[in-house]
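Peer 1: Mind looking at a prediction? Sequence and model below.
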Amino acid sequence: MSRIARKFRKWTVDALDLPGDLVFELPRLTLIGGKQLLIENHRGVLHFSEERLSLALSEGGLEVTGKDLVIKTIVPQEVMVEGYISEIKYRGTGEKP
Amino acid sequence: MKEPAFSFLRGSVTVVIRGGDLEQLINRLGEQGIGVWEIKPLPDRRMELSLMVGDFFALRPLLKQTSCRVHVKKRRGFPFLLSRLLQRKWFAVGLLLFFLMIAAMSSLVWDVEVEGNVKIPTEDIKLAAKQEGLFPFQWKFKLSEQDKLSKNLARKLEGVSWVGVTIHGTKATIEVVEATKPKEQKLASPRNLISKSDAVITYIYAERGYPQVTKNDRVKKGTILISGVQGGRSVVSKGEVKGLVWHEYEIEAPLVKKENVLTGDKKKKGYLYFGNTAIQITGYGSVRFEQTVTYTETDPLTWRKWKLPIGWMSEAVMEKTQIEVSQTPQQAKNSGLAQARRDILAKNGADSVIKEEKILHEKTENGKVYMKVLFEVEQNIAEEVPIVQDQGE
């Protein structure tokens, strides 16, 4: 994204009060208890085992730790994880969108 | 992706994948749009996942790219069930036989029904249909075309103006419209028309036969009016003869008339009935009335046009009482005369006309009016009498 386009988008988001996940394709996480986690706008699975799921995001990554993790469904933009989720680690690059 | 709908019908497999780059495979599956669900990691870099049978073959190239190996763990769904069942030879034969039998049974005519016939017996129509090849347990494909069939049937059956054949499923219906035939005339033996009683002829019309009398003739009872002997031959004489006849009536009319009237008091009873059995629901208790008339009304349950043998029956028990109505001699006379007139019409035919009535004698005695009345009636006086041939002396 060019700088001008990015700026224009940011202005639109601020001015119109739009949710950032729609416009910037920022990841959106929906956690239901410690059982189910829906991650939208991910960029692929990096590691997957029973204890740990590591996902790439548009910026940075996400690490989910727990027990008996199962990927319920997976489509290009969405992952649904089920199991006993104990920890979610978000690694942003610190770069401003 | 969630487990899709009808996955049982379409069939799904659970596979175990080992070796290679599992994460890369998951990403690729997502990119390719292959629907997988329940991805479960197993120890030793293995992974279990489920997918539809159709997608299984699309999985192959991805496995090659990521150098994974696959092992089918579980098969689920109807296609697998079917293939397993079909491996049993006799089961397959039975299944085939079942469908064949259904097909065969439904291509038979099971029932031939005849509609619309009144005079022609159903058996005759069925026999004619049988000769045309339409009978129970006949193959439907052996039947000739329906229009040809109905044409042939119409030709074969006597006294029909139209025949229609329709086949609904396994039931053939022959619809018949009977031709209306002219009324058959009854055979009659040669006869004369003679007079029923003493009369004066007012009208004579001979359709067949030879008239023996003319208008205004006086005839005695038994006189031949229209002769059946015409030119030496005997014919069935036919015609209409009217004459004036006198009837004498002795009438008694009571001055006090007894009449049954309803008092207006009534008791209602309700019954639920099934067939011929009725169970009383409402209106228990004894009826206090001395004389009663009972009116019954049934209201059956109906479904479409059919009346069911179940319903509600209501009964009204009305109190009845007798009252005596006294009438004047004039009223009694009138009612007596009216009764006599009705009697004349009943005895001599409804086309009789009372020309005149004369009261010859009248007296009131013992609460009754006694009258002697002479009625002059114009009525049909012809009576048929067969001509008896001389048997030879």
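Peer 2: Sure thing, it's come through. Numbers count the residues shown, from 1 in each chain, chains lettered A, B, ... in the order given.
Peer 1: Could you report the separation of the nearest residue to B:C68 once chain neighbours are set aside from B:I39?
Peer 2: Ranked by CB to CB, 6 or more residues apart in numbering or on different chains and with sequence neighbours excluded, the top spatial neighbour of B:C68 is B:G20, at 3.5 Å. Quick note: C-beta positions are derived from backbone N, CA and C, even for glycine. For B:G20, the distance to B:I39 equals 15 Å [CB to CB, to the nearest Å].
Peer 1: more crowded one of the two?
Peer 2: Neighbour count, other CB atoms under 10 Å in any protein chain shown: between B:G20 and B:I39, B:I39 has more, with 25 against 17.
Peer 1: Show me what the more buried one is bridged to.
Peer 2: When bridges are called by DSSP bridges, B:I39 pairs up with A:I71.
Peer 1: For whichever residue of the stretch 151-300 of chain B sits closest to chain A, list the residues it contacts.
Peer 2: Residue nearest to chain A within the stretch 151-300 of chain B: B:G169 (48.0 Å; CB to the nearest CB). Going by CB atoms under 8 Å, 6 or more residues apart in numbering or on different chains, B:G169 touches B:S106.
Peer 1: how about the residue in chain A sticking out farthest from the centre, secondary structure?
Peer 2: The centre of chain A is farthest from one residue, A:I4, which by CA atoms, centre = their mean lies 25.1 Å away. Classification of A:I4 using DSSP: H, G, I helix; E, B strand; the rest coil returns helix.
Peer 1: Could I get the phi/psi values of B:E145?
Peer 2: phi -50, psi 150 (degrees, to the nearest 10).
Peer 1: Tell me who's in contact with whatever residue of the stretch 1-150 of chain B ends up closest to chain A.
Peer 2: Relative to chain A, the nearest point of the stretch 1-150 of chain B is B:I39 (3.7 Å; CB to the nearest CB). By CB under 8 Å, 6+ apart, the contact list for B:I39 reads A:F48, A:V70, A:I71, A:K72, A:I74, B:I26, B:M47, B:E48, B:L49.
Peer 1: where along the stretch 201-350 of chain B do the strands fall?
Peer 2: Counting by DSSP state E, counting those that start in this stretch, the stretch 201-350 of chain B has strands at residues B:210-211, B:218-219, B:224-227, B:229-230, B:233-234, B:238-254, B:256-274, B:277-282, B:291-303, B:306-326.
Peer 1: Enumerate the residues of chain A near chain B.
Peer 2: By the rule CB under 8 Å from any CB of the partner chain, the part of chain A lying against chain B is A:44-50, A:69-76.
Peer 1: Pull the most distant pair out of the residues you listed.
Peer 2: A:E50 and A:P76 (24.2 Å; CB to CB).
Peer 1: before we move on, what SS does the residue nearest to B:C68 have?
Peer 2: Of the three states, B:G20 takes coil under three-state DSSP.
Peer 1: got a pLDDT number for it?
Peer 2: pLDDT for B:G20: 80.
Peer 1: Ramachandran angles for it?
Peer 2: According to degrees, to the nearest 10, B:G20 has phi 70, psi -170.
Peer 1: Verify the stated contact: it with B:V70.
Peer 2: No - counting by CB atoms under 8 Å, B:V70 is not a contact partner of B:G20; they are 10.1 Å apart.
Peer 1: And the residue nearest to B:A316 when sequence neighbours are not counted, how close does it get to B:G270?
Peer 2: With sequence-adjacent residues excluded and distances taken as CB to CB, 6+ apart, B:A316 is closest to B:Y295, at 4.8 Å. Plainly put, B:Y295 is 13 Å away from B:G270 if you go by CB to CB.
Peer 1: So for these two, which residues contact both of them?
Peer 2: Shared contacts of B:Y295 and B:G270, defined by CB under 8 Å, 6+ apart, comprise B:E315.
Peer 1: Extract the residue ranges of chain A that are flagged as low pLDDT.
Peer 2: Within chain A, the stretches with pLDDT under 70 are A:1, A:22-23, A:94-97.
Peer 1: just the helices in it please.
Peer 2: Listed in chain order, the helices of chain A (DSSP state H) span residues A:3-16, A:20-23.
Peer 1: cool, and chain B?
Peer 2: Going by DSSP H, chain B shows helices at B:7-10, B:22-32, B:53-65, B:78-87, B:89-106, B:122-131, B:146-156, B:329-348.
Peer 1: okay, the first one in CSV with CA atoms only?
Peer 2: Extracted in CSV, the C-alpha atoms of helix B:7-10 (Å, rounded to 0.1, in the frame of the first residue of the first chain):
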residue,chain,number,x,y,z
SER,B,7,-21.7,-35.3,4.6
PHE,B,8,-23.1,-38.7,5.5
LEU,B,9,-24.9,-39.0,2.1
ARG,B,10,-21.9,-37.8,0.1
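Peer 1: Give me the helices and strands touching that helix, please.
Peer 2: On a contact count with 3 or more CB pairs under 8 Å, 6 or more residues apart in numbering or on different chains; DSSP states H and E, helix B:7-10 meets helix B:78-87.
Peer 1: repeat for the fifth one
Peer 2: Helices and strands in packing contact with helix B:89-106 are listed as helix B:78-87; criterion 3+ CB pairs under 8 Å, 6+ apart.
Peer 1: so A:I39 touches A:L29, yeah?
Peer 2: Yes - if you go by CB under 8 Å, A:I39 and A:L29 touch, sitting 5.6 Å apart.
Peer 1: So for these two, which sits in the more crowded spot?
Peer 2: Neighbour totals were compared for A:I39 and A:L29, and A:I39 leads with 21 against 15 (other CB under 10 Å).
Peer 1: For that one, give its distance to B:Q131.
Peer 2: 81 Å.
Peer 1: for the helices of chain A, which one ends up most surrounded?
Peer 2: Highest mean neighbour count of the helices of chain A: helix A:20-23, a mean of 13 (counted as mean count of other CB atoms under 10 Å in any protein chain shown).
Peer 1: give me the low-pLDDT residue ranges for the stretch 251-393 of chain B?
Peer 2: Counting by pLDDT under 70, the low-confidence segments of the stretch 251-393 of chain B come to B:389-393.
Peer 1: Scan the contacts of B:I39 and report the most crowded one.
Peer 2: Result: B:L49 is most packed of these (other CB under 10 Å), 25 neighbours.
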